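Participant: After the sequence you'll find the predicted model.
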Amino acid sequence: MENQKHSSDNVQPVALVTGANQGIGSEIAKTLAANGYIVYVGSRNLTNGEKAAARIGHNAKAVQLDITKQESIHAAIERITSEDGRLDLLVNNAGIGQAGEPGRTPEEAMAAGRAVNVSLDEVRTVWETNVFGVIAITQAALPLLRKSPSARIVNVSSGMGSLTWITEPGSWARDSFGLAYGASKTALNAVTVAFALELEKENIKVNAVSPSYTATALNNFQGTDSLEVGSREPIRVALETDGPTGTFTGHDGSLPW
């Protein structure tokens with residue numbers, strides 16, 4: 001017999017946020033919980049995830065999740081399946097900016113990521129999380145998302161992934177674009193479009209969002225915007241149950257692909 005909490009009488013929406021133990025992911029998870037969502041706080045390190053869930057409090061559940069490990073993905077999805085039976089929202093927030101020596105400044109990471117000299121190992125490592133990991137967790141979550149009447153997938157991207165901006169003369173982003181982080185976000189945007197086109201027929205909405213240059217561990221906390229400001233647009237898109245699909249937005253509105 002189906003568990004009572006899997007019943008359609010339970011209208012409390014369920015969300016999974018990857019990389020939710022700190023930074024923007026934690027802010028997104030906190031706000032979703034405050035809006036009545038059961039939120040699975042995905043974290044590679046379960047202890048860190050449990051601390052984050054405890055800070056959020058009611059409605060938050062820590063789940064060990066490394067999106068580069070298939071067995072970790074499988075275990076997380078199995079747990080959500082057994083405890084709640086569906087997923088209304090997947091926020092693909094987990095991402096890394098570099099894979100070299102820890103503590104490098106954004107400028108050092110940028111120099112190391114240039115196309116002429118970037119280590120292929122670094123490209124592979126960054127893309128494993130920022131691109132392939134997103135594909136893996138999204139595919140794994142689809143059976144649960146298909147059980148929701150208003151399923152959404154939100155991919156946390158970056159303005160750095162916009163080829164339109166990058167190729168514009170005088171653009172702020174031209175000198176920053178590299179094959180590790182920048183190109184991984186361009187690829188993530190393409191992944192977003194591919195899923196959006198495929199899932200539109202099932203009424204599952206897929207959107208990319210840029211949180212702006214936020215002070216997080218991703219950039220050694222050198223970003224110019226606070227977590228509250230940076231998480232505002234991802235949260236807006238995540239909470240929008242009747243919005244469009246296949247969009248790329250930032251806090252100033254639509255962004256060019």
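Facilitator: Here it is on my side, so go on.

Participant: Okay, and Glu122 sits in which element?
Facilitator: Using DSSP states H and E, the element containing Glu122 is helix 120-127.

Participant: Report the next helix or strand after that helix in sequence order.
Facilitator: By DSSP H and E, the next helix or strand past helix 120-127 is helix 133-145.

Participant: C-terminal to that next one, which secondary structure element comes first?
Facilitator: Counting by DSSP H and E, what follows helix 133-145 is strand 152-156.

Participant: how about the helices of the stretch 151-257 of the chain, start to end?
Facilitator: 163-166, 181-199, 227-230, 232-239 (DSSP state H, counting those that start in this stretch).

Participant: Give me the buried positions along the last one.
Facilitator: This points to helix 232-239. Residues 232-235, 237-239 are the ones in helix 232-239 that count as buried (16 or more other Cβ atoms under 10 Å). Every C-beta, even on glycine, is put in place using the N, C-alpha and C of the backbone.

Participant: which one of these is nearest Asp84?
Facilitator: Using Cβ to Cβ, Ala238 is the member of the buried residues of helix 232-239 that sits closest to Asp84, with 17.2 Å.

Participant: and the closest one, what does it touch?
Facilitator: 15, 28, 32, 89, 91, 152, 154 (Cβ atoms under 8 Å, 6 or more residues apart in numbering).

Participant: Walking through this structure, point out its strands one by one.
Facilitator: 14-17, 38-43, 60-64, 89-92, 152-156, 205-209, 248-250, 253-254 (DSSP state E).

Participant: Save those as a markdown table, and put in mean pLDDT, mean neighbour count and distance to Ser119 too.
Facilitator: Formatted as a markdown table, these follow (pLDDT from 0 to 100; neighbours: other Cβ atoms under 10 Å; distance: least, Cβ to Cβ, whole Å):
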| stretch | mean pLDDT | mean neighbour count | distance to Ser119 |
| --- | --- | --- | --- |
| strand 14-17 | 98 | 29 | 30 |
| strand 38-43 | 98 | 28 | 27 |
| strand 60-64 | 98 | 22 | 29 |
| strand 89-92 | 98 | 28 | 25 |
| strand 152-156 | 98 | 27 | 25 |
| strand 205-209 | 98 | 26 | 27 |
| strand 248-250 | 95 | 19 | 29 |
| strand 253-254 | 94 | 8 | 35 |
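
Participant: of those, which approaches Val134 most closely?
Facilitator: That would be strand 89-92 among those, by Cβ to Cβ, at 4.7 Å.

Participant: Run the chain-centre distance for the closest one.
Facilitator: 6 Å (Cα atoms, centre = their mean, to the nearest Å).

Participant: elements contacting that strand?
Facilitator: strand 14-17, helix 23-34, helix 133-145, strand 152-156, helix 232-239 (3 or more Cβ pairs under 8 Å, 6 or more residues apart in numbering; DSSP states H and E).

Participant: quick revisit: could you identify the pair within the contacts of Ala238 that is furthest apart?
Facilitator: Ile28 and Arg152, at 12.6 Å, using Cβ to Cβ across these.

Participant: Please look at Phe195 and Val206 and confirm they touch.
Facilitator: Yes: the criterion here is Cβ atoms under 8 Å, and Phe195 meets it with Val206 at 4.5 Å.

Participant: and the helix or strand of the chain with the lowest mean pLDDT, what other elements does it pack with?
Facilitator: Using mean pLDDT, DSSP states H and E, helix 227-230 stands out as the lowest-scoring helix or strand of the chain, at a mean of 74. Identification of packing neighbours for helix 227-230 by 3+ Cβ pairs under 8 Å, 6+ apart yields helix 23-34.

Participant: Where does pLDDT dip in the stretch 151-257 of the chain?
Facilitator: Across the stretch 151-257 of the chain, the ranges flagged by pLDDT under 70 are 212-227.

Participant: er, the stretch 1-150 of the chain I mean
Facilitator: Within the stretch 1-150 of the chain, the segments meeting pLDDT under 70 span 1-10, 100-103.

Participant: May I see the buried residues of stretch 173-183?
Facilitator: Result for stretch 173-183 [16+ other Cβ under 10 Å]: buried residues 173, 176-183.
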